[in-house]
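**Q** task: produce atomic coordinates for the following.
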Amino acid sequence: MDVERAEAALIEHYPRLVRLGYLVLPASMGRHQRTLAAHALVQRALPRGRAAAEKPPLPAPRGGGRPADAGYAYLRLRVVRAALAAPLPYRLGGMRLRWVPKAPMPLPRVLGLRVFPRSGGSDELALEQALAELSGPGRAAYVLQELERLSEDDTFDLLEAAGVDDPEEALDEADEVVEPAGSKDRPLLESPDFDPCTLQARPTDLMRRRQHTRAAIAAVAALAVCGLLLGLPGDTWGRDGAAAPSYARNPASERALNPERLARVQAAAWETSARTDFSVWPVRGELADDEALLRRALTVWARPGNQVNVTVTPGTQPGPPSGPPQLLYAGEVDGASVVLLYDGLRIARYAEPSGGKQGPVGLDFARTDGADLTASSAVLLTRSDGNARYLLAPWVTDAAVSDLRNPADRGRSVEREDDGVTEPLISPPLAGGEQGCESWPGLRITAEGRANPYVLTDLGELMPVRLTQGNPQLPPSDPRGAAGRGALARTVCHLPSLTGNGVRAVNTWAFAAQRLPDSGGRALWLCTRADTWRGDGSRAFAQFQPPTTDAGAPSAIVSRTQNDPSCSARSAQALSGVLWKSGAENWYLLAAGSRQVASISATGDVRTRVRGRVMAAEAKEGAKAELTAKLRGGGELRPLG
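**A** Here you go, the predicted model:
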């Protein structure tokens with residue numbers, strides 16, 4: 001039963017369903033409670049989820065009429081079943097207490113008023129008394145025959161579906177009802193006396209309500225006194241153990257917020273240290289001794305107010321530092337006072353209007369645990385008007401910016417201030433997509449002790465992302481040579497899909513090359529994988545790069561995956577395929593796998609099997625096929641994603 005169909009039937013037949021529930025419910029509930037219960041039963045009759053598996057019994061059409069509405073039949077069965085399940089009034093000894101449902105009755109609820117149908121004549125009263133003497137199944141059998149006009153067979157089937165143990169006995173009981181004389185002139189069950197949708201309202205017992213209110217106030221006061229007594233200090237721990245109250249003065253929190261206790265590294269410490277990460281960055285910036293600025297930065301870190309704009313990369317905790325953090329930078333940049341702090345796991349950037357003026361305040365966090373020389377080479381300081389400034393590590397000997405979409409661009413040198421702050425650099429088009437990707441700036445960093453530069457790019461977060469190439473089971477290498485720069489040029493326009501994910505590094509692996517049919521030239525198959533600082537949330541996509549005259553033309557992404565070890569050091573295996581149209585207007589199913597692939601098979605619209613790790617099979621436009629590959633050492637490989 002589709003839920004939309006049942007809902008339409010409920011809206012159309014709501015008054016009749018409520019009348020049915022009202023008549024089947026026991027009269028001993030009282031007219032007020034019985035009215036509310038009838039509405040609640042109907043409102044809860046819709047199926048759970050999008051559909052219901054139960055199939056209601058459908059009465060046969062009478063006189064050649066149209067078949068019964070399945071939606072209404074389903075709701076009628078649910079209403080009758082729920083009404084028969086309603087318990088009788090609870091009795092304690094010889095006293096009859098108010099009707100108590102099995103579970104708290106849902107909406108509707110009425111407070112301060114009693115509602116009930118209009119009072120009818122003597123015939124309606126006599127019929128109600130007769131129905132009150134019947135059992136629940138007997139009353140349901142009578143109502144189904146007289147109000148719903150069901151035959152005995154259909155009534156038997158419905159009662160059986162509703163869970164009645166002996167429907168035959170219920171039918172016999174219904175036949176013994178003596179109908180009032182007025183029922184011969186008009187159907188009494190359709191009179192206003194049994195219509196819970198046309199109601200009268202009267203107030204409840206006002207004196208008793210006042211007594212209950214005073215009793216409730218006294219009970220609340222007693223509970224408050226008991227709670228206060230239980231909360232007094234005793235010999236055992238409280239709910240929070242030995243923890244201090246929020247923002248209490250204690251030595252640890254005061255040390256973490258004291259600017260005088262900030263860790264400060266000397267300028268030449270990195271030259272003799274065995275580590276090359278943020279822990280050996282020296283203090284820089286002309287405001288490194290501005291105690292008021294540093295105190296504001298530390299206090300906002302510990303307790304950011306509602307007016308502070310806080311951003312956090314995925315997997316980074318925004319809480320206060322466990323102890324005094326390390327100061328990396330404090331200075332004026334592009335009209336803002338910027339403070340960079342490091343606590344061993346995170347970089348925190350605090351920014352406020354220059355000169356200590358009131359205005360918008362920003363607090364940004366980025367995870368940096370396990371950062372090596374390359375990952376700790378630069379941190380974003382400011383971003384405005386499509387430009388960005390970075391603070392470079394002390395071991396950076398040269399920095400150049402180049403257009404990664406142009407493989408021939410060797411870049412230009414980036415100007416830096418004495419404290420390591422770069423000039424404003426154009427940010428990549430992160431929001432423009434492939435259509436607006438005319439260029440993609442990247443930083444080529446040369447570090448002391450490294451012969452070759454490495455490439456960093458901006459993906460909209462504090463930490464720039466390193467771009468690498470090669471087999472993921474080998475140490476990462478930097479894009480060099482015509483092939484490496486060419487593959488990167490056709491990949492960078494797909495990087496906006498990785499933003500906002502806390503990406504640490506992006507590696508592009510050319511796992512196969514293929515000669516295309518119809519003299520189509522040589523194509524590359526690549527797998528690009530983005531790993532995050534937190535570990536999970538990795539993303540990967542397979543690319544097909546056919547020959548083109550535009551060296552920066554974006555490649556075609558043929559599949560994607562997330563939180564999967566594909567194309568990583570753990571699983572350096574890849575298989576991918578694409579439907580390709582040659583210059584001769586012929587369609588082919590192309591596929592390629594990594595070095596471990598021994599054969600490739602295709603099933604579906606294209607059925608073939610080839611030995612080796614590349615395949616080109618004739619196909620038709622729009623053909624669909626499923627690829628599998630056999631590995632040299634045994635086992636099976638399926639395409640990425």
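**Q** ok, which stretches of this structure are helices?
**A** Assigned by DSSP state H, the chain shows helices spanning 3-12, 14-24, 31-43, 70-85, 122-132, 136-146, 152-161, 167-175, 206-230, 251-256, 269-272, 291-302, 481-489.
**Q** comparing those by mean pLDDT, which bottoms out?
**A** Mean pLDDT is lowest for helix 206-230 among the helices of the chain, at a mean of 61.
**Q** and Ala27, how close does it get to Ala86?
**A** To Ala86, Ala27 is 12 Å away according to C-beta to C-beta, to the nearest Å. To be clear about C-beta, it is placed using only N, CA and C from the backbone, and glycine gets the same treatment.
**Q** out of those two, which sits in the busier spot?
**A** Set Ala27 next to Ala86 and count neighbours by other C-beta atoms under 10 Å: Ala86 wins out with 20 against 16.
**Q** tabulate the helices of the chain in TSV, adding columns for mean neighbour count and distance to Ala400.
**A** Formatted as TSV, the helices of the chain follow (neighbours: other C-beta atoms under 10 Å; distance: least, C-beta to C-beta, whole Å):
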stretch	mean neighbour count	distance to Ala400
helix 3-12	15	62
helix 14-24	22	74
helix 31-43	21	69
helix 70-85	22	70
helix 122-132	16	92
helix 136-146	24	86
helix 152-161	19	79
helix 167-175	18	88
helix 206-230	10	68
helix 251-256	12	39
helix 269-272	13	22
helix 291-302	19	32
helix 481-489	18	14
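**Q** format those helices as a markdown table; extra columns: distance to Val312.
**A** Converted to a markdown table, the helices of the chain look like this (distance: least, C-beta to C-beta, whole Å):
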| stretch | distance to Val312 |
| --- | --- |
| helix 3-12 | 39 |
| helix 14-24 | 49 |
| helix 31-43 | 43 |
| helix 70-85 | 48 |
| helix 122-132 | 65 |
| helix 136-146 | 59 |
| helix 152-161 | 55 |
| helix 167-175 | 63 |
| helix 206-230 | 37 |
| helix 251-256 | 19 |
| helix 269-272 | 28 |
| helix 291-302 | 12 |
| helix 481-489 | 30 |
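**Q** mean pLDDT per helix and strand in this protein: which one sits at the bottom?
**A** In the chain, no helix or strand scores lower on mean pLDDT, DSSP states H and E than strand 91-92, which sits at a mean of 40.
**Q** which residues touch the spatially closest residue to Pro479 that is not a sequence neighbour?
**A** If you skip the residues right next to it in sequence, Pro479 has Leu488 as its closest partner in space, 4.5 Å away by C-beta to C-beta, 6 or more residues apart in numbering. For Leu488, the contacting residues are Leu404, Pro407, Val455, Leu467, Gln469, Pro479, Thr508, by C-beta atoms under 8 Å, 6 or more residues apart in numbering.
**Q** tally of neighbours for the second one?
**A** Translated: Pro407. 21.
**Q** quick check: the gap between it and Asp550.
**A** Between Pro407 and Asp550 the computed distance is 11 Å (C-beta to C-beta).
**Q** cool, and the fourth one?
**A** Relative to Asp550, Leu467 is positioned 20 Å away (C-beta to C-beta).
**Q** who's more crowded, these two?
**A** Neighbours per residue (other C-beta under 10 Å) separate Leu467 from Asp550, with Leu467 holding more: 24 against 9.
**Q** and the residue nearest to that one when sequence neighbours are not counted, what are its bridge partners?
**A** Once flanking residues are discounted, Leu467 sits nearest to Val455: 4.5 Å by C-beta to C-beta, 6+ apart. Beta bridges link Val455 to Arg444, Leu467, judged by DSSP bridges.
**Q** using CSV, lay out the contacts of Leu488 together with pLDDT and distance to Val280.
**A** Listed next are those as CSV, based on pLDDT from 0 to 100; distance: C-beta to C-beta, whole Å:
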residue, pLDDT, distance to Val280
Leu404, 95, 30
Pro407, 92, 35
Val455, 97, 23
Leu467, 97, 25
Gln469, 95, 29
Pro479, 91, 28
Thr508, 96, 31
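**Q** ok, so of the residues you listed, who is nearest Arg611?
**A** Arg611 has its nearest neighbour among these in Thr508, at 27.8 Å by C-beta to C-beta.
**Q** which ones are touching the residue nearest to the closest one when sequence neighbours are not counted?
**A** What sits nearest to Thr508 in space, not counting adjacent residues and going by C-beta to C-beta, 6+ apart, is Thr528, at 4.7 Å. Thr528 makes contacts with Thr491, His494, Val506, Asn507, Thr508, Trp509, Ala540, Phe541, Ala542, Gln543, Cys567, as judged by C-beta under 8 Å, 6+ apart.
**Q** go again using 6 Å as the cut-off
**A** Neighbouring residues of Thr528 by C-beta atoms under 6 Å, 6 or more residues apart in numbering: Thr491, Thr508, Phe541.
**Q** possible to save those residues as TSV with distance to Gly359 and neighbour count?
**A** Output for the contacts of Thr528, formatted as TSV (distance: C-beta to C-beta, whole Å; neighbours: other C-beta atoms under 10 Å):
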residue	distance to Gly359	neighbour count
Thr491	40	25
Thr508	42	23
Phe541	41	25
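**Q** quick one, what contacts Asp419?
**A** Residues near Asp419 by C-beta under 6 Å, 6+ apart: Arg284, Gly285.
**Q** name all residues that make contact with Phe544.
**A** Ala556, Val558, Val578.
**Q** now, which of the residues you listed sits nearest Ser354?
**A** Nearest to Ser354 out of the contacts of Phe544 is Ala556 (C-beta to C-beta; 47.3 Å).
**Q** just the pLDDT at the closest one, thanks.
**A** Note for Ala556: predicted pLDDT of 93.
**Q** Ala103 now?
**A** Listed pLDDT for Ala103 reads 39.
**Q** state the distance from the nearest residue to Arg296 once chain neighbours are set aside to Ala330.
**A** Using C-beta to C-beta, 6+ apart and skipping the chain neighbours, the partner closest in space to Arg296 is Glu352 (6.9 Å). Counting by C-beta to C-beta, the separation of Glu352 from Ala330 is 11 Å.
**Q** circling back to that earlier point, nearest to Gly370, out of the helices of the chain?
**A** Nearest of the helices of the chain to Gly370, taken as C-beta to C-beta: helix 269-272 at 17.7 Å.
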